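[1] mind folding the following:
(chains A, B and C)
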Amino acid sequence: MSKPSTSRRDFLQKTAFGALAAGTLAACGKADANSQVPQAAPTGGTMGAHETAAGTVALSAAETMDAMHEKGVKAFPAKTALWGNQLLEPRIDKGVKVYDLTAKVVKWETEPGKFVTGWGYNGVVPGPQIRVREGDRVRINLKNELAESTAMHFHDLEVPIDQDGVPFITQPPIKAGDSYTYEFTVPNAGSHMYHSHHNAAKQVGLGLLGAFIVEPRQKTSYDNADVDYVMILNDGAHGYTLNGKSFPATEPIVAKLGQKVRIRYMNEGMMIHPMHLHGMHMTVIAKDGWMQPAPWKCDTLNIAPGERWDVIVHCTNPGTWAFHCHILPHAESDHGMFGMVTALIVK
Amino acid sequence: MSKPSTSRRDFLQKTAFGALAAGTLAACGKADANSQVPQAAPTGGTMGAHETAAGTVALSAAETMDAMHEKGVKAFPAKTALWGNQLLEPRIDKGVKVYDLTAKVVKWETEPGKFVTGWGYNGVVPGPQIRVREGDRVRINLKNELAESTAMHFHDLEVPIDQDGVPFITQPPIKAGDSYTYEFTVPNAGSHMYHSHHNAAKQVGLGLLGAFIVEPRQKTSYDNADVDYVMILNDGAHGYTLNGKSFPATEPIVAKLGQKVRIRYMNEGMMIHPMHLHGMHMTVIAKDGWMQPAPWKCDTLNIAPGERWDVIVHCTNPGTWAFHCHILPHAESDHGMFGMVTALIVK
Amino acid sequence: MSKPSTSRRDFLQKTAFGALAAGTLAACGKADANSQVPQAAPTGGTMGAHETAAGTVALSAAETMDAMHEKGVKAFPAKTALWGNQLLEPRIDKGVKVYDLTAKVVKWETEPGKFVTGWGYNGVVPGPQIRVREGDRVRINLKNELAESTAMHFHDLEVPIDQDGVPFITQPPIKAGDSYTYEFTVPNAGSHMYHSHHNAAKQVGLGLLGAFIVEPRQKTSYDNADVDYVMILNDGAHGYTLNGKSFPATEPIVAKLGQKVRIRYMNEGMMIHPMHLHGMHMTVIAKDGWMQPAPWKCDTLNIAPGERWDVIVHCTNPGTWAFHCHILPHAESDHGMFGMVTALIVK
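    As a prediction, this is how the structure comes out:
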């Protein structure tokens, strides 16, 4: 299961940070006697305004900063128009799994009211998630509705050279208006990606990318994780995003106490992103779809452009845990948390 | 032992690079006959001036560059006003280890005569070093003397959610002038950190951070290293620093021949820093406080923001070994070495 | 064998992308019926011009972009004046392997017609490749024909302190016009580097660097790889380069089907470069010249400044495989592929 269903998401939207956070705040109350010390006088500086029952009151710079932080957290998970990275069911044609993908311009909402120009597959950023099994026969019909040529590369799939998707080396570019078909038997299991390999700094930067997950013939316990979540990191023209959305419009990961969550990180950007999970460690099991010789633990995992890393989180600690890039300017400013921030909610 | 005592440092200051370097220079003398070739004529360009017994003489650009390099090395380790990252002894209250920390503005000297505005705990950058044992009960009284709210996060300590320190998710922000108390039983051993998690890109950037070391219940040979050194990397408003100081004011690590030094790297900055040790390799034993499945060796260890890495150096090679970030513009310019440079001195 | 011989390179130059790519294009032909859809009308924007038998015709922006991409690929591997990183045979003096290196200014051609100012050893960037055996006695005579001082550091060679090459710590700087001799018994095997350690952000950035490979006393199967290739990454004043050249002037790696290629990555730049190989995975065997405790697999390997990583590629998939940095702006623009791009050709 790669993401909560809509109804579950709506539920979260109404309750997750409302109910959970309120409960937490009521329960913690650790402020000691000293917290009764009167607050420091407003320090001047930039002033904000805050609507209360008593009307609009002036806020100090510090209060304004807090209010902006609170507003962001309260809005999470904020609703936006569309989700990318949703599972795409194939058509079956004589045993071949067929996926139809169209590359075209899309108006993409990264956070409520913020629309950017994206180039997406099937109108979403990231493109639909493809999930197949080792040994499957797969066909991808790519229609190019962009105004320039494109091509598709299957990053880390060890396909024959004529399916590698590099214009002028393995195929001609797919001209504006044209279509092209890729077909191959899925070679190697793991967390892979598909993306443009033509004018790619621009085309991938604008959103021509998606997850290509290959489940192994021989399943291991890792393949039966309770939650299997793909998290695609990006930092291009759309700002700092997780699966095409910026906080507070990012999607929380939800699990029950005791469950195991598998996270498949994929970096489609230009910068490293050391992802940090609060409250529980991550056990790293695979790099670029290949099992590590031995699992190892961390709380902050540095993910470089083009890399994928798979981790398991054993959800032993209940709460709403912050989960963010630890390059802090990718996650927070004095206007509050933004960009590469989400939460792992353990109920 | 996390750092040399003051008297030892004073000794080093007077002798380390003076005596050691002089000895080395006298001993090496490998320049061959060709070195008698007259030096190339001054190349014009920027000229400097150099005080000699004979008075002030004009220097070529090349001589000026050398003189600036020499001056920096000779000044190492240069004295500055205060050290951060010093062990903070707790008060014991009915079996609880109590630490009092105050967040406030500090005038911080990163190198001789260079003062920056820092936000520090107890007046230092990094804050005092906390060292406890797995299973200890710990209480942290945080007083906020800043002009804006703050909060404290225990990075990688798997504490209950209400102690996680994220405003509006796990607690209210601690307003200017207020205090707040965190209390928990220390869950997991390892090299951890504490830092602000509110307006953190700014607050951590200015110095609200420190080391939180948890010694394991079951000690291993690694926990009995002869020298146990915490090195906090930063690259924010204070420039490129190691434990809050820039070369030549950084602190050398000192060990005897045959000893083992454990270095606990912590990156609290926004950039990677691949730390390179000359003369001896490092054996990597832990990531983010978790033991690696098998130790592995390197001479340059890439440390990303939020990461911690523990390494062991077996001091088998006597000398004063340069030790620096290998992103060279973080360590050297034509004005000499600066920023993220220190030395490992093996006597 | 570190690189193809000249005649082999000439052959490649004439045929590799010509013949191979043509064969591939003829063979793949997967465009389906939809590709007969008329191309989208030219979108206006920047127009190019294209010479055909029929004369000069105007090109749409999209066609111009494709034409620039095609031109780059067709030109690969483009001829430039000189190669760095070529094996330097030592003189033998009473059992000592003697290498004469001269640091001087060089006009360096990074791609056809693009000349940059380099500071190189023996007139090339990177400097000549040194390959010795663990336990060899080695002497390096360094002549400084630059206008400023220099010094040489043997990165990760655990030499005695007086051979470490850090001015004012382990030796005096080598003045313009002077010479200096380093001599030591080679201590530790692996993929190492030599480079300037004086004003190094500038001097290494301009090219004073090279590979120093130490073969182990006890060879393993990895040391008998069919192809042993050193790839030095750089990103300084010369642009994004692999062994001192930018695509299309980079050198392809050539192997026969079934062969094993060992690649020794070395990052002498200021940025990370996650190198991505198409079509086959890499098995990581060593970090900084030290064997990893267990080999592990990946397709994208993040290499930080100062690091070296050794990988083995088992060439099981025939074709001309793109091989590039996956920070896409280091490898491609709308003007086509450039910088850190090469190919692994499996015949």
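
[2] alpha carbons only for contacts and neighbour counts from here, please
    OK.

[3] any stretches of chain A with poor pLDDT?
    Applying pLDDT under 70 to chain A flags residues A:1-58.

[4] for it, longest strand please?
    strand A:96-111 (DSSP state E).

[5] show me where the stretch 1-150 of chain A has helices.
    Here the stretch 1-150 of chain A has its helices, by DSSP state H, counting those that start in this stretch, at A:6-15, A:21-28, A:61-75.

[6] roughly how far does A:Thr320 sit from chain C?
    In this structure, A:Thr320 and chain C are 32 Å apart, going by CA to the nearest CA, to the nearest Å.

[7] quick one: which helix or strand includes that residue?
    Per DSSP states H and E, A:Thr320 falls inside strand A:319-325.

[8] how about A:Ile232?
    Assigned by DSSP H and E, A:Ile232 falls within strand A:227-234.

[9] could you give the separation of that strand from the chain centroid?
    In terms of CA atoms, centre = their mean, to the nearest Å, the gap separating the centre of strand A:227-234 from the centre of its chain is 5 Å.

[10] over to stretch A:141-158?
    Once both centres are worked out by CA atoms, centre = their mean, stretch A:141-158 turns out to sit 21 Å from its chain's centre.

[11] same check, this time on stretch A:227-244
    The answer for stretch A:227-244 is 3 Å, by CA atoms, centre = their mean.

[12] endpoints of stretch A:190-204, how far apart?
    Terminal residues of stretch A:190-204 are spaced 21 Å apart (CA to CA, to the nearest Å).

[13] near chain C at all, that stretch?
    Yes: Stretch A:190-204 is in contact with chain C by CA under 8 Å from any CA of the partner chain, via A:Asn199, A:Ala200, A:Ala201, A:Lys202.

[14] for these, which one is nearest chain B?
    Of all those, chain B sits closest to A:Ala201, with 22.1 Å by CA to the nearest CA.

[15] the closest one: neighbour count?
    By the other CA atoms under 10 Å in any protein chain shown criterion, the neighbourhood of A:Ala201 contains 23 residues.

[16] kindly report the same for A:Tyr194.
    Neighbour count of A:Tyr194, defined by other CA under 10 Å: 22.

[17] how near is A:Glu268 to B:Glu183?
    In terms of CA to CA, A:Glu268 sits 40 Å off from B:Glu183.

[18] with A:Pro187 instead?
    52 Å.

[19] so what are the sheet partners of the helix or strand where A:Phe184 lies and their directions?
    Secondary structure assigned from DSSP H and E places A:Phe184 in strand A:179-185. Strand A:179-185 has the following sheet partners, assigned by DSSP bridges: strand A:137-144 (antiparallel).

[20] tell me the angle the strand it pairs with makes with strand A:96-111.
    For strand A:137-144 against strand A:96-111, the angle by axes from the mean of the first three to the mean of the last three CA atoms, to 10 degrees is 50 degrees.

[21] is chain C contacted by whatever helix or strand comes next after strand A:137-144?
    Next helix or strand after strand A:137-144 toward the C-terminus (DSSP H and E): strand A:152-155. Yes: interface with chain C: strand A:152-155 contributes A:His155 (CA under 8 Å from any CA).

[22] strand A:152-155 - which strands sit beside it in the sheet, and in what orientation?
    Here strand A:152-155 has these sheet partners by DSSP bridges: strand A:190-196 (antiparallel).

[23] roughly how far is the strand it pairs with from the heart of the chain?
    With CA atoms, centre = their mean as the basis, strand A:190-196 stands 14 Å off its chain's centre.

[24] mind giving me the packing neighbours of the helix or strand just after that strand?
    As assigned by DSSP H and E, the chain's next helix or strand after strand A:190-196 is helix A:200-206. Counting contacts by 3 or more CA pairs under 8 Å, 6 or more residues apart in numbering or on different chains; DSSP states H and E, helix A:200-206 packs against strand A:114-121, strand A:190-196, strand C:332-333.

[25] using JSON lines, lay out the ones you listed together with distance to B:Met337.
    Putting the helices and strands packed on helix A:200-206 into JSON lines (distance: least, CA to CA, whole Å) gives the following:
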{"stretch": "strand A:114-121", "distance to B:Met337": "44"}
{"stretch": "strand A:190-196", "distance to B:Met337": "43"}
{"stretch": "strand C:332-333", "distance to B:Met337": "35"}
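
[26] so which of these gets nearest A:Pro252?
    Closest of the helices and strands packed on helix A:200-206 to A:Pro252 is strand A:114-121, at 19.6 Å (criterion: CA to CA).

[27] contacting residues around the closest one?
    With CA atoms under 8 Å, 6 or more residues apart in numbering or on different chains as the test, strand A:114-121 has contacts from A:101-110, A:125-128, A:203, A:206-209, A:238.

[28] quick one, it and strand A:137-144 angle?
    Angle, strand A:114-121 to strand A:137-144, by the same axes, to 10 degrees: 130 degrees.

[29] just how off-centre is strand A:114-121 within its chain?
    With CA atoms, centre = their mean, you get 15 Å for strand A:114-121.

[30] with stretch A:309-316 instead?
    16 Å.

[31] what do you get for stretch A:84-101?
    How far stretch A:84-101 lies from its chain's middle: 21 Å, per CA atoms, centre = their mean.

[32] that one near chain C anywhere?
    No: using CA under 8 Å from any CA, stretch A:84-101 stays clear of chain C, coming no nearer than 12.5 Å.

[33] now the end-to-end length of that stretch.
    Using CA to CA, the two ends of stretch A:84-101 sit 13 Å apart.

[34] mind listing what's buried along it?
    A:Gly84, A:Asn85, A:Gln86, A:Pro90, A:Val96, A:Lys97, A:Val98, A:Tyr99, A:Asp100, A:Leu101 (16 or more other CA atoms under 10 Å in any protein chain shown).
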